[in-house]
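>>> Quick one, fold the following:
(one chain, ligands or ions: 1)
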Amino acid sequence: MHEKANIDNSIDRAICPPIDRAIDRQAFRFCVAPMMDWTDRHDRYFLRLISRHARLYTEMVTADAVRFGCRDRLLGFDKAEHPLGLQLGGSEPDALAEAAQIGESYGYDEINLNIGCPSHRVQSGRFGACLMQEPQLVAACVAAMRAAVKIPISIKCRLGVDEQEPREALFELVAQTAAAGCHIFIVHARKAWLSGLNPRQNRDIPPLDYELVYELKKTYPNLTIILNGGIETLEAARAHMPHVDGVMLGRAAYKRPYMLAEVDSLFYGDRRKPPSREAIICALIPYAENLVRQNVPLSALTRHLMGLYAGQPGGRMWRRWLSENAPRAKADVRFLSKLVTAMKTQFARTDSQALNGKTQTHESRAQESQIHESHAHSSQPHELQTHELQAALAL
Ligand SMILES: Cc1cc2nc3c(=O)[nH]c(=O)nc-3n(C[C@H](O)[C@H](O)[C@H](O)COP(=O)(O)O)c2cc1C
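You can find the predicted model right below:
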């Protein structure tokens with residue numbers, strides 16, 4: 001099925017693997033993390049409307065699911081989602097090679113191997129983060145996939161697991177797998193504890209060590225090194241850029257997706273004006289109509305839109321309104337355009353409140369500052385209330 005892995009354990013050879021000319025390093029400057037149940041195809045389509053360039057990844061799919069499962073359901077995507085990586089889970093070289101080949105035939109731009117997930121289910125299948133302890137096996141998997149496909153292979157890993165010494169574990173994994181043909185590493189910059197912490201805790205509790213990832217990049221300048229873990233803002237993301245080739249954001253990008261609107265200019269030098277939030281919703285309407293035609297519930301899309309107005313006046317109302325009304329709308333896509341109108345009304349109100357505040361008395365300025373204060377906190381008295389909005393939308 002595949003050429004046998006030619007794994008050279010010599011660190012010297014791995015330190016300077018040849019530059020892989022097929023890899024466009026620039027393309028990895030900003031990535032959105034693979035997230036199970038979150039970054040499905042609908043979410044990715046939505047994110048792509050916000051950023052043309054951010055690199056997107058699928059949720060993890062096991063090699064066997066790709067080989068034996070319903071491929072179109074697991075692997076299907078819209079061509080607008082490019083550039084897009086397929087994340088695979090597995091530890092059998094032949095199975096991974098076959099799954100990678102299938103992924104390539106579906107048109108993915110990259111195959112990413114998950115060496116970072118600490119869940120028990122994944123451990124029992126002997127893949128994910130526990131493979132940090134088996135660099136030779138991972139290298140064999142890489143070699144098999146490398147021989148099977150032309151698109152780049154990447155690894156998403158941790159600094160180590162359990163009692164492993166992070167520098168040893170990470171550098172050993174990179175040395176062995178780079179020699180086997182993987183030249184892109186996404187490093188979640190913390191260890192994982194395979195027992196004692198659940199996956200959620202494993203995303204927060206083990207301390208971050210960004211410096212070690214910077215050091216990895218210094219040691220392997222020819223490799224593409226992407227930093228992941230705990231990056232909350234674009235400002236923080238940019239601060240890492242002198243030290244690594246790219247950053248990957250997970251939860252922050254999902255919860256505040258409109259942060260991606262600035263990614264194209266800040267990370268890719270593309271100065272085109274990003275679309276407004278309202279334009280994004282409008283652009284989703286034909287997509288939503290298509291879902292309805294395929295009998296996919298609209299909530300499969302709208303559940304990913306909750307954070308679109310995060311941090312904005314109206315953000316809380318938007319969430320509430322979506323969660324209350326999207327299920328009711330069933331197949332009525334028009335509610336999205338009604339919602340755009342409602343949000344515009346909301347903004348017009350907020351703007352006029354702010355404008356009035358400029359020319360008014362001390363007392364009304366105090367009121368305005370109360371309004372601004374309320375934007376940041378939970379109660380937002382200036383917002384349209386659900387009943388007002390429903391009346392406005394005639395729902
Ligand atoms: C809901 C959820 C699901 C995740 N699923 C995956 C996954 O399928 N594959 C993977 O490699 N990492 C997965 N992760 C981990 C993220 O890719 C990322 O490494 C982690 O959240 C740290 O990045 P962040 O601090 O920017 O969120 C998941 C994270 C979350 C929150």
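>>> Please make it C-alpha for all contacts and neighbour counts, starting now.
Noted.
>>> So what's the gap between the one helix or strand A236 maps to and the chain middle?
Taking DSSP states H and E as the criterion, A236 maps to helix 234-240. Relative to its chain's centre, helix 234-240 lies at 16 Å (CA atoms, centre = their mean, to the nearest Å).
>>> which residues sit against stretch 31-51?
Here stretch 31-51 makes contact (CA atoms under 8 Å, 6 or more residues apart in numbering) with 54-60, 76-78, 80-81, 87, 246-250, 253-254, 257-258, 260-264, 274-275, 280, 283-284, 300-301, 304-305.
>>> ok, and for it, which residues are buried?
31-35, 38-51 (16 or more other CA atoms under 10 Å).
>>> which ones among these come in contact with the ligand?
A33, P34, M35 (CA under 6 Å from any ligand atom).
>>> quick one: which of the residues you listed is nearest to the ligand?
Ranked by distance to the ligand (CA to the nearest ligand atom), these are led by M35 at 3.3 Å.
>>> still on that earlier bit, report the buried members of the contacts of stretch 31-51.
Neighbour-count burial (16+ other CA under 10 Å) is assigned, among the contacts of stretch 31-51, to 54-60, 77, 81, 87, 246-250, 253-254, 257-258, 260-264, 274, 280, 284, 300-301, 304-305.
>>> just checking: which of those residues also lie near the ligand?
Of the residues in those, proximity to the ligand by CA under 6 Å from any ligand atom holds for E59, M60, L249, G250.
>>> show me the contacts for the residue lying closest to H240 once chain neighbours are set aside.
Excluding the flanking residues, the one nearest H240 by CA to CA, 6 or more residues apart in numbering is V247, at 7.5 Å. By CA under 8 Å, 6+ apart, the contact list for V247 reads F28, R29, F30, C31, I226, L227, N228, A237, H240, M241.
>>> For G229, see how far away E211 is.
E211 sits 13 Å away from G229, going by CA to CA, to the nearest Å.
>>> Tell me which of these two has more neighbours.
Neighbour count, other CA atoms under 10 Å: between E211 and G229, G229 has more, with 22 against 12.
>>> Excluding covalently adjacent residues, which one is nearest to the more buried one?
In this structure, G229 finds its nearest non-sequential neighbour in H188, 5.1 Å apart by CA to CA, 6+ apart.
>>> What is the burial count for the residue in the stretch 251-395 of the chain that the ligand sits nearest to?
Nearest to the ligand, among the residues of the stretch 251-395 of the chain, is R251, at 3.8 Å (CA to the nearest ligand atom). Neighbours of R251 under the rule other CA under 10 Å: 16.
>>> Many thanks, we can stop here.
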